[in-house]
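1. Next comes the sequence, and after it the predicted model I'd like to discuss.
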Amino acid sequence: MKPGHETQPENVYFYLAPLEGITTFIYRNIYREMFGGMDKYFTPFIAPTSSHNFKSRAKRDILPENNKGTPLVPQILTNHAEDFLYTADRLREYGYKEVNLNLGCPSGTVVSKGRGAGFLAYPEELDRFLDAVYARSGMALSIKTRLGKEKPEEFLEIIRIYNKYPVHELTIHPRVQKDFYKNNPNWDIFERALEVSKNPVCYNGDINTYEDYERFRERFPAVNRIMIGRGIITDPGLVRRIQTGKKLSDTECLTFMQKLCEAYHDIMPGEPTLYKMKEIWSYMCKRYPDGMKLWKKIKKAGNLSEYKNIMLSFCQKERIVLQ
């Protein structure tokens with residue numbers, strides 16, 4: 001029987017994927033307070049600097065006092081082994097026991113420097129990199145990867161490289177870099193990866209609704225680690241629904257957004273908070289029948305007061321009382 005097709009496991013572990021600029025410690029903390037259900041949270045990537053000092057935003061995001069009680073895994077973006085090892089050592093000093101290597105980011109600016117999914121185009125260099133970091137790091141090292149840069153078949157060589165090392169967890173997003181987030185995840189290649197991987201595999205990609213989860217489970221009932229990103233931003237109650245059957249209510253959703261707005265405003269008042277709220281609403285509007293109308297109003301908001309008035313009008317129209 002093929003891997004991924006055995007009896008469904010008793011426990012399925014859920015991870016919150018890192019989304020740059022969105023899944024900050026503020027988002028993670030309020031999400032965990034209201035919904036819980038995540039077994040791990042991954043930080044947006046940390047890109048080592050030439051001085052080896054954390055940028056202020058990255059440092060604030062990984063400080064233990066900002067992540068109390070959160071099972072957090074910092075993610076590192078680099079193609080230089082020495083930078084990775086130095087950053088991992090610094091993170092270990094903060095108490096972290098696992099770090100994650102980003103080999104999945106499809107951004108053009110990242111890929112042009114041979115990092116993220118761009119590193120997959122250089123398998124020999126990637127092999128040397130992994131040899132260096134697994135030989136010298138004393139931490140658990142996990143990897144988040146795409147299938148390749150141009151063609152899904154590239155992954156058949158890439159996974160042979162991964163199999164040479166004790167990867168703590170291999171999270172596979174079954175698209176290539178040039179797909180970005182278009183086209184469907186390639187489940188056929190993912191299935192072949194399950195067959196040959198010597199390391200524990202986690203799935204990531206287009207689990208945006210309860211129905212998406214059911215379809216995935218039907219085909220891969222034995223895969224017990226699932227990472228969700230955009231699906232959670234769109235529907236923060238998705239994992240809870242999967243686990244308990246309880247759907248996200250409009251009251252919960254808008255209370256969540258109000259708490260986020262207040263928390264962001266406490267550390268970066270004004271326009272930066274407005275930008276954050278617009279970024280999250282660009283995903284969340286999809287859960288409402290007239291969501292695009294609401295999104296157009298939010299997108300046009302010129303300041304935080306206008307945004308709050310739009311939210312107040314929406315709540316009054318829909319008769320929503322915030323918690």
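-> Received it, and whenever you're ready, just let me know what you need. Residues are numbered from 1 along each chain as shown.
2. For the closest residue to I62 other than its chain neighbours, give me the pLDDT.
-> Leaving aside its chain neighbours, I62 sits nearest to P74 (5.3 Å; criterion: Cβ to Cβ, 6 or more residues apart in numbering). Yep, even glycine has a C-beta here, placed from its N, CA and C like the rest. pLDDT recorded at P74 is 98.
3. Surely P74 touches I46?
-> Yes: taking contacts as Cβ atoms under 8 Å, P74 lies within contact range of I46: 6.0 Å.
4. shared neighbours of the two, anything?
-> Here P74 and I46 have I62 as joint contacts, going by Cβ atoms under 8 Å, 6 or more residues apart in numbering.
5. can you give me the strands in the protein?
-> 13-16, 40-42, 72-73, 75-76, 98-103, 140-145, 170-172, 201-204, 225-228 (DSSP state E).
6. To E279, which of these lies closest?
-> Among the strands of the chain, the nearest to E279 by Cβ to Cβ is strand 13-16 (16.1 Å).
7. buried set for the closest one?
-> F14, Y15, L16 (16 or more other Cβ atoms under 10 Å).
8. Near the residue nearest to I62, how many residues? Count them for me, please.
-> 23 (other Cβ atoms under 10 Å).
9. does L91 really touch V73, like I thought?
-> No: taking contacts as Cβ under 8 Å, L91 lies outside contact range of V73: 9.6 Å.
10. From one end of stretch 92-110 to the other, what's the distance?
-> 25 Å (Cα to Cα, to the nearest Å).
11. quick one: average confidence on that stretch?
-> 96.
12. can you list the weak-confidence ranges in this structure?
-> Applying pLDDT under 70 to the chain flags the ranges 1-10, 50, 323.
13. I'd like the strands of the chain laid out as CSV, including distance to M277.
-> Below are the strands of the chain laid out as CSV (distance: least, Cβ to Cβ, whole Å):
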stretch, distance to M277
strand 13-16, 19
strand 40-42, 21
strand 72-73, 23
strand 75-76, 24
strand 98-103, 26
strand 140-145, 27
strand 170-172, 28
strand 201-204, 25
strand 225-228, 21
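14. Let me know which of those strands is the nearest to L126.
-> Once these are compared by Cβ to Cβ, strand 98-103 is nearest, at 7.8 Å.
15. Would you mind pulling the contact partners of the closest one?
-> By Cβ under 8 Å, 6+ apart, strand 98-103 touches 18, 42, 45, 73-77, 84, 87-88, 91, 115-117, 119-120, 126, 133, 139-146, 168, 171.
16. Listing partners with orientation, what would you give for it?
-> Paired with strand 98-103 in the same sheet, following DSSP bridges, are strand 75-76 (parallel), strand 140-145 (parallel).
17. Tabulate these (CSV), appending mean neighbour count and distance to G37.
-> Listed next are those as CSV, based on neighbours: other Cβ atoms under 10 Å; distance: least, Cβ to Cβ, whole Å:
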stretch, mean neighbour count, distance to G37
strand 75-76, 20, 20
strand 140-145, 22, 20
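18. Distance to I242 added to those, as a markdown table?
-> Listed next are the strands paired with strand 98-103 as a markdown table, based on distance: least, Cβ to Cβ, whole Å:
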| stretch | distance to I242 |
| --- | --- |
| strand 75-76 | 24 |
| strand 140-145 | 21 |
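19. got the contact list for A58?
-> T43, I46, A47.
20. separation between the first one and L120?
-> I take that to be T43. 21 Å (Cβ to Cβ, to the nearest Å).
21. same question, the last one
-> Distance check for A47 against L120: by Cβ to Cβ, it reads 17 Å.
22. More neighbours: which of these two?
-> Per other Cβ under 10 Å, whichever of A47 and L120 has more neighbours is L120, with 25 against 19.
23. is it true that the more buried one touches D127?
-> No: between L120 and D127 there is no contact under Cβ under 8 Å: 11.5 Å.
24. can you give me the helices for the stretch 101-250 of the chain?
-> With DSSP state H, counting those that start in this stretch, the ranges of helices along the stretch 101-250 of the chain come out as 108-111, 123-136, 155-162, 187-196, 210-219, 230-234, 238-244, 250-267.
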